[in-house]
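S.K.: here are the coordinates; sequence isn't available:
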């Protein structure tokens, strides 16, 4: 396996942190009065996907890179229903993350091969 690019390490830890903070925040909304809130369950699952993606990208799993892209696309679409500034921010973040996930140094890492 090739050495992990620093950009992949940073992005992975960023999404582990974002997913963890978001998960803790949303779990604080849980109340015993409404033990099964499907909206809350959905939001928590989305946060877990960010964590899973980050952890497995650190391990070099190519599917995790694609999971993160799908996660970001979901957020770009979701932000289109909010303010313009939020949508623009998500598009910029998606573009930067995608750029670094698919740079030539990242490809051998996710394939598990040495660069030529």
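M.R.: In hand now; what should we look at? Since the model is a prediction, treat every value here as computed from it, not as a measurement. Numbering: from 1, shown residues only.
S.K.: hang on, residue 51 packs against residue 19?
M.R.: Yes. Applying C-beta atoms under 8 Å, one finds residue 51 in contact with residue 19, separated by 3.8 Å. Any C-beta I mention is one placed from the backbone N, CA and C, and that applies to glycine too.
S.K.: So for these two, which residue has more residues nearby?
M.R.: residue 19 (22 against 17; other C-beta atoms under 10 Å).
S.K.: and stretch 42-61, which residues are buried?
M.R.: 43-44, 46-47, 49-58, 60-61 (16 or more other C-beta atoms under 10 Å).
S.K.: Can you get me the centre-to-centre distance for it and its chain?
M.R.: From the chain centre to the centre of stretch 42-61 is a distance of 6 Å (C-alpha atoms, centre = their mean, to the nearest Å).
S.K.: could you give the mean pLDDT of it?
M.R.: Mean pLDDT, computed over stretch 42-61, is 94.
S.K.: contact partners of it?
M.R.: 1, 4, 8-9, 11-16, 18-20, 22-23, 26-27, 63-65, 67-68, 71, 74, 109-110, 112 (C-beta atoms under 8 Å, 6 or more residues apart in numbering).
S.K.: got the buried residues for the helix or strand bottoming out on mean pLDDT in the chain?
M.R.: Counting by mean pLDDT, DSSP states H and E, the chain has its least confident helix or strand at helix 106-111, which shows a mean of 86. Residues of helix 106-111 classed as buried by neighbour count (16+ other C-beta under 10 Å): 106-110.
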